[in-house]
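Asks: Provided below are the primary sequence and the corresponding predicted coordinates.
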Amino acid sequence: MSQNANLILNRLRTLIHVSNDVELSQILNVKPNTIATWRKRDTLNYKTIIALCEHRKIDLNLVFFDEKSAISVSKNERGLNDLPLKEYIQNCVSLAIEEMRSDVINLSEKTDSIFEILDKNDVANLLEEAKKRIGKEKKLSRG
């Protein structure tokens, strides 16, 4: 289940009754541009958000999952609502790691594409130029 930083931050703002990211940044004890960066990169500092939720006794389900997801857990199923806090946090971390893993795979695929575009001769020429520059720099540093 992929989480969206914008949705999570907006839910958090609603739950703690703040109207903008500047107020939220003050409460989280981060710079306002940190919040903007989280939104832009679709990343979060989960530790900071969870600590705030624990301090204010905010249900993490309301922050990290939409209402449908939080309500859809039936009483007969073992859901995140039933988990101890430590296990719940481990599940959140696992979700974050899975998202990062996906990002790394995407980056790897893009890198492979770049190398496919480069001709082998281009790569060899670039390496040769780099060796020459290093050799010149060594001579200059000695002399």
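Replies: The structure has been received and is ready for your questions.

Asks: Quick one: low-confidence residue ranges for the chain.
Replies: Applying pLDDT under 70 to the chain flags the ranges 1-3, 66-84, 106, 108-121, 141, 143.

Asks: Nearest the geometric middle of it, what residue?
Replies: Among the residues of the chain, Thr43 comes closest to the average C-alpha position under Cα atoms, centre = their mean, at 3.0 Å.

Asks: now the strands for the chain?
Replies: Using DSSP state E, the strands of the chain do not appear at all; there are none.

Asks: Could you report the distance from the closest residue to Arg11 other than its chain neighbours to Leu9?
Replies: Sequence neighbours aside, Val63 is the residue nearest to Arg11 in space, at 5.4 Å (criterion: Cβ to Cβ, 6 or more residues apart in numbering). Quick note: C-beta positions are derived from backbone N, CA and C, even for glycine. Taking Cβ to Cβ, to the nearest Å as the measure, Val63 falls 9 Å from Leu9.

Asks: Name the residue in the two with the higher neighbour count.
Replies: Counted by other Cβ atoms under 10 Å, Val63 and Leu9 do not tie: Val63 has more neighbours, with 22 against 19.

Asks: contacting residues around that one?
Replies: 8, 11-12, 15, 49, 53 (Cβ atoms under 8 Å, 6 or more residues apart in numbering).

Asks: let's see it at 10 Å
Replies: 3, 7-9, 11-12, 14-16, 49-50, 52-53, 70, 92 (Cβ atoms under 10 Å, 6 or more residues apart in numbering).

Asks: Closest one of the residues you listed to Trp38?
Replies: Comparing the contacts of Val63 against Trp38 with Cβ to Cβ places Leu9 closest, at 6.7 Å.

Asks: For the closest one, which residues are in contact?
Replies: Applying Cβ under 10 Å, 6+ apart to Leu9 gives the contacts 21, 24, 28, 35, 38-39, 44, 49, 63.

Asks: try it again with 7 Å
Replies: For Leu9, the contacting residues are 24, 35, 38-39, by Cβ atoms under 7 Å, 6 or more residues apart in numbering.

Asks: still on that earlier bit, just the buried subset of the contacts of Val63, written out for PyMOL, thanks.
Replies: This is how PyMOL selects the buried members of the contacts of Val63, with burial counted by 16 or more other Cβ atoms under 10 Å:
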select buried, resi 3+8+9+11+12+16+49+50+52+53+70+92
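
Asks: Perfect, that will be all.
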